[in-house]
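Student: what follows is a protein structure lacking sequence information:
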């Protein structure tokens, strides 16, 4: 039986020596922070053009995470590559020969990659917040205000969980191409479109991205958004259920199918 510490070190070596995974994490941070900063600067200059409802529900914390939509794309790619590259390269056979305990292999990989994604997510969230508030000028808030720290930490958790969810999906589908072909349209087209369609939005609000993003809001129904039947922690809880289901599915597939 492979020692747990040795398996963890092996997974860490795989991740840090593959340039694509390193670059996707760097992209997640840079794209999110840059896009959020640009949109905060734009919001400051156009604040007076907002509707009365949008001004009344203006959430400077949530606005500072405006670039999260693009940043999470990099997190999806990272999560998929961490798992899918083993299958596309054929390294999965070698990995399972070295670590026959498939649960230990999969969850060690997810533990290392997930911890790294969460660390980058938190760094991204805090940088986006502080830079965004500086650019919002008189419309800014501070980290000490009620629920702001929760939202900032929640933003980092959200990004990390998106990556972990993607790892679970990739473990189920055993293909980077297929996983990206499903996840990217789901998060950036299907989820967004359905959330704007009457009746369908009642279902879409329980999707992982729609529910999880509530943790980043300080002002309920920020900027006149639709009222949700759950709060910030309830939304994060829904996202955690999706993540757990994806990881369980990935483990069952790995357990029952040959490499």
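Tutor: Nice, I can see it. It should be emphasised that the depicted structure is a prediction, and the values quoted were computed from it without experimental measurement. Residues are numbered from 1 along each chain as shown.
Student: CA only for contacts and neighbour counts going forward, please
Tutor: Noted.
Student: give me the number of residues near residue 242?
Tutor: Neighbouring residues of residue 242 were enumerated by other C-alpha atoms under 10 Å; the total is 20.
Student: ok, for it, nearest residue in space, not its chain neighbours?
Tutor: residue 208 (6.3 Å; C-alpha to C-alpha, 6 or more residues apart in numbering).
Student: give me every residue that touches that neighbour.
Tutor: If a contact means C-alpha atoms under 8 Å, 6 or more residues apart in numbering, then residue 208 has 238, 239, 242 as its contacts.
Student: from those, which is closest to residue 137?
Tutor: For those, the closest approach to residue 137 (C-alpha to C-alpha) belongs to residue 239, at 32.8 Å.
Student: packing partners for the helix or strand containing the closest one?
Tutor: For residue 239, the host element (DSSP states H and E) is helix 232-256. Where contact means 3 or more C-alpha pairs under 8 Å, 6 or more residues apart in numbering; DSSP states H and E, helix 232-256 is packed against helix 102-136, helix 148-173, helix 208-212.
Student: of all these, which lies closest to residue 27?
Tutor: For these, distance to residue 27 was read as C-alpha to C-alpha. The smallest value, 10.3 Å, belongs to helix 102-136.
Student: for that closest one, packing partners?
Tutor: Packing contacts for helix 102-136, counted by 3+ C-alpha pairs under 8 Å, 6+ apart, involve helix 4-16, helix 19-45, helix 60-63, helix 68-89, helix 91-98, helix 148-173, helix 232-256.
Student: what does stretch 224-236 rub up against?
Tutor: With contact meaning C-alpha under 8 Å, 6+ apart, stretch 224-236 is reached by 53-54, 57, 158, 205-206, 211-217, 220-221.
Student: try it again at 7 Å.
Tutor: Here stretch 224-236 makes contact (C-alpha atoms under 7 Å, 6 or more residues apart in numbering) with 53, 54, 57, 211, 212, 214, 215, 221.
Student: same question for stretch 20-30.
Tutor: If you take C-alpha under 7 Å, 6+ apart as the criterion, stretch 20-30 is touched by 15, 16, 71, 72, 74, 75, 77, 78, 81, 82, 120, 124.
Student: redo that, cut-off 10 Å
Tutor: Stretch 20-30 is contacted by residues 14-16, 31, 33, 36, 67-68, 70-82, 85, 113, 116-117, 120-125, 127-128, 159 when judged by C-alpha atoms under 10 Å, 6 or more residues apart in numbering.
Student: quick one: buried residues of that stretch?
Tutor: Of the residues in stretch 20-30, those buried under the neighbour-count criterion (16 or more other C-alpha atoms under 10 Å) are 21, 24, 25, 26, 27, 28, 29, 30.
Student: pull the number of nearby residues for residue 257.
Tutor: Other residues within reach of residue 257 by the criterion other C-alpha under 10 Å amount to 7.
Student: and for residue 171?
Tutor: Residues within reach of residue 171, counting by other C-alpha under 10 Å, total 29.
Student: that one contacts residue 178, doesn't it?
Tutor: No - with contact defined as C-alpha atoms under 10 Å, residue 171 and residue 178 do not form a contacting pair (11.1 Å).
Student: find residues that contact each of these two.
Tutor: Listed contacts common to residue 171 and residue 178 are 80, 84; contacts here mean C-alpha under 10 Å, 6+ apart.
Student: from the buried residues of stretch 20-30, which two are the most distant?
Tutor: Once C-alpha to C-alpha is applied, the buried residues of stretch 20-30 give 21 and 30 as the farthest pair, at 14.5 Å.
Student: can you give me the end-to-end span of stretch 200-208?
Tutor: End-to-end distance of stretch 200-208: 15 Å, with C-alpha to C-alpha, to the nearest Å as the criterion.
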